[in-house]
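In: starting from these lines, generate the structure:
(one chain, ligands or ions: 2)
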Amino acid sequence: MVRITPLHPLFAAEVTGLDLASGPDDATFETIRRAFGTRSVLVFRDQDIDDEQQIRFSRRFGDLETTKVGTSGAGSRLVILSNLGPDGSIVPPTSRQMLNNKANRFWHADSSFKPVPAKASMLSARIIPSAGGDTQYCCMRAAYAELPQRLKDAVEGRVAVHDYGWSRSKVDPDLVTEEERRAVPPVRQAMVLDHGPELGRSLYLGAHAARVEGLDEAAGRALIDELMAFCTQGRFVYSHKWRPHDLVLWNNRAVLHRATPFRGSDEARHMVRTTIAGDGPTVETPHIAA
Ligand code: OGA
Ligand code: MN
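Out: Ligands and ions are numbered 1, 2, ... in the order given. Model (predicted):
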């Protein structure tokens with residue numbers, strides 16, 4: 001029997017008693033799917049799984065994204081977030097791999113820079129450091145519900161442009177290659193997503209949100225910054241302290257997440273992600289006309 005226990009007053013829950021080697025059966029999966037709908041983040045404890053098992057479980061939630069060029073795991077169904085190189089030793093702090101890991105310390109939604117952004121992500125802890133390296137989540141449904149009316153009015157019907165080249169440049173101006181820029185040109189995303197009558201609406205933002213359509217550069221940035229500061233207040237945040245063999249699933253359209261620092265030049269951290277593709281774009285025409 002699976003047990004589902006809330007981890008935060010607003011969202012996130014822990015799932016125990018699940019055996020991914022033998023299931024879950026359809027009834028158990030339905031219980032999990034429903035809990036995921038309302039809690040947005042699920043922490044599955046004690047899942048000592050390999051890549052194939054992770055892919056198999058992830059697929060039950062939908063089709064998987066293929067990892068884009070320039071990211072560890074490119075061309076496969078896996079994203080590797082690790083400070084270990086191919087020979088198993090820790091890579092230097094100036095390496096592309098480390099800089100890309102550092103970019104995850106900005107609040108973000110995975111793949112919000114794609115025309116059809118990801119629905120969900122599943123992250124498996126394979127090696128965790130002794131301290132730090134937590135992952136934080138903030139509840140964008142609760143944030144929208146509490147947003148002052150002035151800000152609700154400001155985002156109503158608005159579109160933000162999400163741009164991977166722009167967000168990665170903040171970490172290091174040379175981090176993004178021309179090939180990456182070509183693969184993921186800027187796209188349009190609704191600033192407010194509707195999850196239906198039971199779940200309400202959420203703000204859709206994060207590190208890739210570069211500007212707001214219809215506002216000049218400075219006004220757009222000011223609005224995004226004000227919204228981000230509001231959404232990421234402590235009362236909307238769940239900090240996940242990883243235990244060995246944790247597997248965490250989150251809804252990229254209802255929460256933002258970020259990595260936190262650890263002693264990355266001394267200690268290993270190796271995580272494997274699968275990304276569940278979205279069912280459709282957030283606006284009718286996500287592409288920007290050339
Ligand atoms: C991710 C991510 C943060 C972390 O897997 O998409 O941003 O703490 N991870 O590793
Ligand atoms: Mn991420």
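
In: which intervals of the chain have sub-threshold pLDDT?
Out: Confidence mapping of the chain against pLDDT under 70 gives zero matching residues.

In: spell out which parts of the stretch 51-200 of the chain neighbour ligand 1.
Out: When proximity is defined by CB under 6 Å from any ligand atom, the stretch 51-200 of the chain lies next to ligand 1 at 81, 104, 110, 121, 123, 135. (Each C-beta comes from the backbone N, C-alpha and C, glycine too.)

In: again, 5 Å this time
Out: Proximity of the stretch 51-200 of the chain to ligand 1 is confined to 81, 104, 110, 123, 135 under the rule CB under 5 Å from any ligand atom.

In: what's the closest of these to residue 251?
Out: The shortest separation between residue 251 and any of these is 10.5 Å, and it belongs to residue 110 (by CB to CB).

In: so who does the closest one touch?
Out: The neighbourhood of residue 110, defined by CB atoms under 8 Å, 6 or more residues apart in numbering, consists of 117, 118, 121, 252, 257, 273, 275.

In: with residue 87 instead?
Out: With contact taken as CB under 8 Å, 6+ apart, residue 87 is in contact with no other residue.

In: likewise residue 157?
Out: residue 192.

In: how near is it to residue 62?
Out: As for residue 157, its distance to residue 62 is 28 Å (criterion: CB to CB, to the nearest Å).

In: repeat for residue 35
Out: From residue 35 over to residue 62 (counting by CB to CB), the distance is 17 Å.

In: what does residue 192 give?
Out: Here the criterion is CB to CB. By it, residue 192 lies 22 Å from residue 62.

In: can you check residue 41 too?
Out: With the distance defined as CB to CB, residue 41 ends up 17 Å from residue 62.

In: could you do residue 118 as well?
Out: As it turns out, when the distance is counted by CB to CB, residue 118 lies 10 Å from residue 62.

In: for residue 171, same thing?
Out: As it turns out, when the distance is counted by CB to CB, residue 171 lies 30 Å from residue 62.

In: the two - which one has more neighbours?
Out: When residue 171 and residue 62 are compared for neighbours, residue 171 comes out ahead with 18 against 15, by other CB atoms under 10 Å.

In: ok, the more buried one - contacts?
Out: 99, 100, 102, 103.

In: what does residue 14 give?
Out: Residues touching residue 14, when contacts are defined by CB under 8 Å, 6+ apart, comprise 4, 5, 6, 7, 42, 43, 45.

In: in the sheet, which residues pair with the residue of the stretch 151-290 of the chain found nearest ligand 1? Tell me.
Out: For the stretch 151-290 of the chain, the residue positioned closest to ligand 1 under CB to the nearest ligand atom is residue 259, at a distance of 3.2 Å. In this entry, residue 259 is beta-bridged to residue 135, by DSSP bridges.

In: and residue 85, how close does it get to residue 268?
Out: Counting by CB to CB, the gap from residue 85 to residue 268 is 11 Å.

In: compare those two (neighbour count), which wins?
Out: Just comparing residue 85 and residue 268: by other CB under 10 Å the higher neighbour count belongs to residue 268, 17 against 12.
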